[in-house]
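# only the shape, not the letters, is given here:
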């Protein structure tokens, strides 16, 4: 296994740390002013950030360590490709970290499996009131399973429309008036299309794509929290999926496929929006920092995705997040919770606001958004305000809190692909999806899983 190659180095590093600590606290070896200090309790943090983000998370840990004298958070970077296996093996082996940052959308799955500890049981009544009352719905409603909070959201993505006023003007459109309905947005996108003499697209104005991304705007989604059940084959979801199919057919499926095949990577400076190959695109808040880095002089705007003319929802979006968790068997639960509160802002909003700006993240509650450091960030990046407004919306859909989350998300992606390729109609695809999920629930019940 790939992760096995790093074990000798990790073992050597761990041994070196033990020897260093032993030397530091051996009488007669440490400086006199340290001999009478109470040794801090180590709190081990595992995370997956690397490259430019590695020193950022280490700085967060350093700020926590400087804020108090009881705990010492020790961060360790785990390669993303190995993180899930290493985490699960550490829990099974009885030696997990005290805090684990989780990006995999499987909090409910792991909660049911008993590999995470509930966080709400560690909250004081005031902390719980603050979390449930003040935090945005996308944060306070995520990370739960069976009435317990197993993952506290410290980062999350929402999606809005990036567009360029210069391309609006060149097409004879008024950049002061962004379309108010999804149908009008598609029509404007067609006016922004450009093609060469052979009819091949050289610029795609706008093409909606992605079932999970557009279902919320149609009033759809995948989970009924009141009934505690997955809902897939619904009129709202059918409208969303049918709209995507019709829009792609109107643009020309073959033309779109040829256009997409000629695009470079969407990373960094190769993002087609920067190069002008795409005029309007639905994308996440992280692109703001990317644009500053790779296209600092580009004039662009960000607007919420407009709803369809009938039955739609304003300020709607799909969201996925990253979570702070305490693994089952963690040895320093109190220290882990103290660090989670510090990073998330449950204790004080200003440090958390500062951390969010370091990463380019959205605030989790109005208090963090109103903090001086976050307001300074918004002054520097005024386009980011659209995402902050969106983050506070009640119309954000997330991964359903069911114990087969990975199964469900994989099948939603497959449904999207089948419909996009024309293999199944939207009606057939949703019916098939619902049947597959119902069969999975039945299989789990037969195996004795608690639902």
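Structure's in. What do you need? Just so it is clear, the structure is predicted and the values come from calculations on it, not from any experiment. Numbers count the residues shown, from 1 in each chain.

# could you tell me the backbone phi and psi angles at residue 198?
The phi and psi values for residue 198, taken as degrees, to the nearest 10, are phi -90, psi 0.

# could you check how far it is from residue 111?
Using CB to CB, to the nearest Å, one gets 55 Å for the distance from residue 198 to residue 111. Backbone N, C-alpha and C define where each C-beta goes, glycine included.

# more neighbours: those two, which one.
Higher neighbour count among residue 198 and residue 111: residue 111, with 24 against 5, using other CB atoms under 10 Å.

# wait, doesn't the more buried one sit right on residue 146?
Yes: if you go by CB atoms under 8 Å, residue 111 and residue 146 touch, sitting 7.4 Å apart.

# residue 154: which element?
Using DSSP states H and E, residue 154 maps to strand 152-157.

# do the same with residue 335
helix 333-344.

# buried ones in that helix, by neighbour count?
By neighbour count with 16 or more other CB atoms under 10 Å, helix 333-344 contains the buried residues 333, 335-344.

# among those, which one sits closest to residue 99?
Ranked by distance to residue 99 (CB to CB), the buried residues of helix 333-344 are led by residue 336 at 4.6 Å.

# skipping adjacent residues, who's closest to that closest one in space?
Counting by CB to CB, 6 or more residues apart in numbering, residue 336 lies nearest to residue 98, which is 4.2 Å off, once chain neighbours are set aside.

# got it, and residue 386?
Nearest to residue 386 is residue 302, by CB to CB, 6+ apart, at 4.3 Å.

# neighbouring strands - and their directions - for the helix or strand hosting the one you found?
Using DSSP H and E, residue 302 sits within strand 301-303. If you go by DSSP bridges, strand 301-303 pairs up with strand 159-163 (antiparallel).

# next SSE after the partner strand?
Taking DSSP H and E, what comes next after strand 159-163 is helix 165-170.

# now tell me what touches that next one from outside.
Here helix 165-170 makes contact (CB atoms under 8 Å, 6 or more residues apart in numbering) with 174-175, 192, 203, 276, 279, 299-301.

# strands of the stretch 201-350 of the chain, start to end?
201-203, 223-224, 229-230, 280-284, 301-303, 317-318, 320-325 (DSSP state E, counting those that start in this stretch).

# gap between the first one and the chain center?
Taking the mean C-alpha point of strand 201-203 and that of its whole chain, the gap between them comes to 31 Å (CA atoms, centre = their mean, to the nearest Å).

# before we move on, the earlier item: next up, the contacts around the residue nearest to residue 386.
Applying CB under 8 Å, 6+ apart, the residues near residue 302 are 160-163, 288, 383-384, 386-387.

# related to what we said a few turns ago, among the contacts of helix 165-170, who's most crowded?
Neighbour counts for these (other CB under 10 Å) peak at residue 279, which has 26 neighbours.

# how is the protein carved up into domains?
With automatic domain parsing as the criterion, the domains of the chain are listed as 38-157+320-380, 159-318.

# distance of residue 60 relative to residue 47?
10 Å.

# ok, residue 125 next?
Counting by CB to CB - residue 125 and residue 47 are separated by 30 Å.

# same question, residue 154
Here the criterion is CB to CB. By it, residue 154 lies 11 Å from residue 47.

# okay, these two: which has more neighbours?
Neighbour count, other CB under 10 Å: between residue 154 and residue 47, residue 47 has more, with 25 against 22.

# residues near the spatially closest residue to that one that is not a sequence neighbour, how many?
Nearest residue to residue 47, sequence neighbours excluded (CB to CB, 6+ apart): residue 101, at 4.4 Å. As a burial measure, residue 101 scores 22 neighbours (other CB under 10 Å).

# so after the helix or strand hosting residue 101, what's the next helix or strand?
Element membership for residue 101 (DSSP H and E) is strand 99-102. Per DSSP H and E, strand 99-102 leads on to helix 107-112 as the next helix or strand towards the C-terminus.

# rewinding a little: which of the domains of the chain sits most buried?
Highest mean neighbour count of those: domain 38-157+320-380, a mean of 19 (counted as mean count of other CB atoms under 10 Å).

# and that one, how far apart are its ends?
Terminal residues of domain 38-157+320-380 are spaced 43 Å apart (CA to CA, to the nearest Å).

# does the residue nearest to residue 47 touch residue 48 like I think?
Yes: at 6.7 Å, residue 101 and residue 48 qualify as touching, with contact defined as CB under 8 Å.

# contact partners for residue 141?
With CB under 8 Å, 6+ apart, residue 141 has these contacts: 225, 398.

# can you map out the helices along the stretch 351-451 of the chain?
All helices of the stretch 351-451 of the chain, identified by DSSP state H, counting those that start in this stretch, fall at 366-370, 372-380, 385-391, 405-420, 426-446.

# quick one on the thing from earlier: and the domains of the chain: which comes nearest residue 421?
Among the domains of the chain, the nearest to residue 421 by CB to CB is domain 159-318 (8.7 Å).

# between its first and last residues, what's the separation in the closest one?
OK, domain 159-318 end separation, CA to CA: 7 Å.

# want to throw the helices of the stretch 351-451 of the chain into TSV with distance to residue 138 and mean pLDDT?
Output for those, formatted as TSV (distance: least, CB to CB, whole Å; pLDDT from 0 to 100):
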stretch	distance to residue 138	mean pLDDT
helix 366-370	13	97
helix 372-380	17	97
helix 385-391	6	97
helix 405-420	16	94
helix 426-446	23	94
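
# possible to save those as TSV with distance to residue 248?
Converted to TSV, the helices of the stretch 351-451 of the chain look like this (distance: least, CB to CB, whole Å):
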stretch	distance to residue 248
helix 366-370	37
helix 372-380	36
helix 385-391	25
helix 405-420	7
helix 426-446	12
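
# find the nearest non-adjacent residue to the residue most central in space within the chain, please.
With distances taken as CA atoms, centre = their mean, residue 321 lies nearest the centre of the chain, 2.8 Å away. Spatially, and ignoring its direct neighbours in sequence, residue 321 is nearest to residue 156 (3.6 Å; CB to CB, 6+ apart).

# how about residue 96?
Leaving out its chain neighbours, residue 96 is closest to residue 327 (CB to CB, 6+ apart), at 3.7 Å.

# list the contacts of the nearest residue to residue 389 once chain neighbours are set aside.
Nearest non-adjacent residue to residue 389, counting by CB to CB, 6+ apart: residue 315, 6.9 Å away. Going by CB under 8 Å, 6+ apart, residue 315 touches 304, 389-390, 393, 395.

# between the residues you listed, which is closest to residue 432?
Here the nearest of the contacts of residue 315 to residue 432, counting by CB to CB, is residue 395; it sits at 27.1 Å.

# could you pull up phi and psi at that closest one?
The phi and psi values for residue 395, taken as degrees, to the nearest 10, are phi -100, psi 40.

# excluding chain neighbours, what is closest to it?
Using CB to CB, 6+ apart, the closest residue to residue 395 is residue 316 (4.0 Å).

# got the angle for the helix holding residue 335 vs strand 320-325?
Put simply, helix 333-344 runs at 150 degrees to strand 320-325, going by axes from the mean of the first three to the mean of the last three CA atoms, to 10 degrees.
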